[in-house]
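In: no sequence for this one, just the structure:
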């Protein structure tokens, strides 16, 4: 079916859907660097850089280049910083309103299906009214058939524990909507499966550029066993204090995302956006590169990330893992096979 991707970022959702045969019409985002990553996989003609709080359905059809094309599906992951458990969960965060902007675009286009993705934190007590408001909005727009819940990416073959909230709705009340079911009896894909073939290819592979850590940071990493966290009490004094001149008198803290070494034999914790320091490589004295993090997110290597290192980290960490997105592509195919194909 034909679909558009709102707040598309680097394109994780679109990559997964197209792998299951769905046709991308256009991806939309207001972030140039993410658009370059999206375009590296799909081509420039499939991306539009735009403020999604300001666009209309008329603009969307203009960008697609065909005002008569049928949009069967709209997917999107509006910015989630205000909901994230990694942040302050600020209900007044203006970025939260973009979730409602997503809903308004659905109301104008009226696709047969929509899928909204956000962080697990949107289900928190603070945002209970937001979820109720979304349900009411979509109900008022004609989407009486809605289901929602949390999925963990590791249950779908992604080598990462990553819980995300999904809401799927349809104009067709006869469809028995469900979220994709975890794959049964599948072999667990580990961090080692995803990234160990990249060892020795540093600086010779797209986005595979290690951070040049200083000697103090490398020294701390040496105290962390594979699969373990930093034990600050075990550090010698010279490694226990800040390595930067403005932090030299401050004792370090065990930030779980920075001072945790991954295991080759297990899945990763959640790849966190917003930091340019990913978890530590299982065997190397450094944090993960952007490419290694992208592999753990199941991005194909042909998707190239642009911008500063921090921007690249955010592009990777914000994305829906393409392999998880494939499960939505598959379940939509099943719906269309059972209930009828609406694609022109």
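Out: Yep, it's here. For clarity, every value in this text was computed on a predicted model and none was experimentally measured.

In: the stretch 151-300 of the chain: helices as residue ranges?
Out: In the stretch 151-300 of the chain, the segments counted as helices under DSSP state H, counting those that start in this stretch are 191-195, 215-221, 237-240, 290-296.

In: for residue 113, find the nearest of these.
Out: Closest approach to residue 113 among the helices of the stretch 151-300 of the chain (C-beta to C-beta): helix 290-296, 27.6 Å. (Glycine included, C-beta is placed from N, CA and C.)

In: what is the burial count for residue 284?
Out: Other residues lying near residue 284 total 17 when counted by other C-beta atoms under 10 Å.

In: one step back: which of the helices of the stretch 151-300 of the chain is buried the deepest?
Out: Across those, the average number of neighbours (mean count of other C-beta atoms under 10 Å) peaks for helix 290-296, which reaches a mean of 28.

In: what's in contact with the helix or strand just after that one?
Out: The helix or strand immediately downstream of helix 290-296 is helix 309-318, counting by DSSP states H and E. The set of residues external to helix 309-318 that reach it, using C-beta atoms under 8 Å, 6 or more residues apart in numbering, is 9-10, 33-34, 37, 77, 80, 207, 209, 211, 271-276, 278, 290, 293-294, 297, 299, 305-307.

In: run the chain-centre distance for helix 309-318.
Out: Chain-centre distance of helix 309-318: 10 Å, with C-alpha atoms, centre = their mean, to the nearest Å.

In: show me what the helix or strand following that helix packs onto, helices and strands only.
Out: Per DSSP H and E, helix 309-318 leads on to helix 322-339 as the next helix or strand towards the C-terminus. In terms of contacts (3 or more C-beta pairs under 8 Å, 6 or more residues apart in numbering; DSSP states H and E), helix 322-339 is packed against helix 12-19, strand 113-119, strand 163-170.

In: recalculate using a threshold of 10 Å.
Out: strand 2-6, helix 12-19, strand 73-76, strand 113-119, strand 145-152, strand 163-170 (3 or more C-beta pairs under 10 Å, 6 or more residues apart in numbering; DSSP states H and E).

In: wait, which of the ones you listed is closest to residue 29?
Out: When the helices and strands packed on helix 322-339 are compared for distance to residue 29 using C-beta to C-beta, the nearest one is strand 2-6, at 8.0 Å.

In: Provide the strand pairings for the closest one, with the direction of each partner.
Out: Strand 2-6 has its sheet partners listed here by DSSP bridges as strand 23-29 (parallel), strand 73-76 (parallel).

In: list the buried residues of the longest one.
Out: Of the residues in strand 23-29, those scored as buried under the neighbour-count criterion (16 or more other C-beta atoms under 10 Å) are 24, 25, 26, 27, 28, 29.

In: which helices and strands sit right next to the helix or strand following it?
Out: Stepping forward along the backbone from strand 23-29, the first helix or strand reached (DSSP H and E) is helix 32-42. Contact partners of helix 32-42 among helices and strands, from 3+ C-beta pairs under 10 Å, 6+ apart: helix 12-19, strand 23-29, strand 47-49, helix 309-318.

In: list the buried residues of the helix or strand that comes right after the shortest one.
Out: Taking DSSP H and E as the definition, the helix or strand that follows strand 47-49 towards the C-terminus is helix 57-64. In terms of neighbour count (16+ other C-beta under 10 Å), helix 57-64 has its buried residues at 57, 60, 61, 63, 64.

In: and those residues as TSV, adding distance to residue 14 and pLDDT?
Out: Below are the buried residues of helix 57-64 laid out as TSV (distance: C-beta to C-beta, whole Å; pLDDT from 0 to 100):
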residue	distance to residue 14	pLDDT
57	19	94
60	15	96
61	18	97
63	15	96
64	14	97
